[in-house]
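Visitor: I need the structure of the sequence given here:
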Amino acid sequence: MNRVGVVLGWGKEPALAMAPVERERKVPLVVIAQHPKAAAGYSYVIRFINPARDFAQKLAGYLALKTFRNLVVIKTDIS
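Guide: Residues are numbered from 1 along each chain as shown. Next comes the predicted model:
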């Protein structure tokens, strides 16, 4: 494990578990997670993902151009 150059993590919970270890080892942790807490306070954590708001704005723009009689939107919050 001494030759690890970078670690990839998926999700907030794994990031929170790995971040202290990677900070101690000075190994960058790249995290795919929407929640900002996944990288908050850790200089060795790089978080990236397009926030849901970005996707929602693009989708809303597309749907505004279409004519629908009925449209249902279901919003959920997941970690």
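Visitor: drop to CA atoms for contacts and neighbour counts, all remaining ones
Guide: Fine.
Visitor: the helices in this protein, which residues?
Guide: 12-25, 52-65 (DSSP state H).
Visitor: The first one: how far from the chain's middle?
Guide: Helix 12-25 sits 15 Å away from the centroid of its parent chain (CA atoms, centre = their mean, to the nearest Å).
Visitor: in it, what counts as buried?
Guide: For helix 12-25, the neighbour count (16 or more other CA atoms under 10 Å) marks 12, 15-16, 18-19, 22 as buried.
Visitor: Just the pLDDT for the residue most central in space within the chain.
Guide: Among the residues of the chain, the one closest to the centroid is residue 33, at 2.1 Å (CA atoms, centre = their mean). On the pLDDT scale, residue 33 is placed at 84.
Visitor: check contacts around it.
Guide: Counting by CA atoms under 8 Å, 6 or more residues apart in numbering, residue 33 touches 10-12, 47-49.
Visitor: now residue 7
Guide: 27-30.
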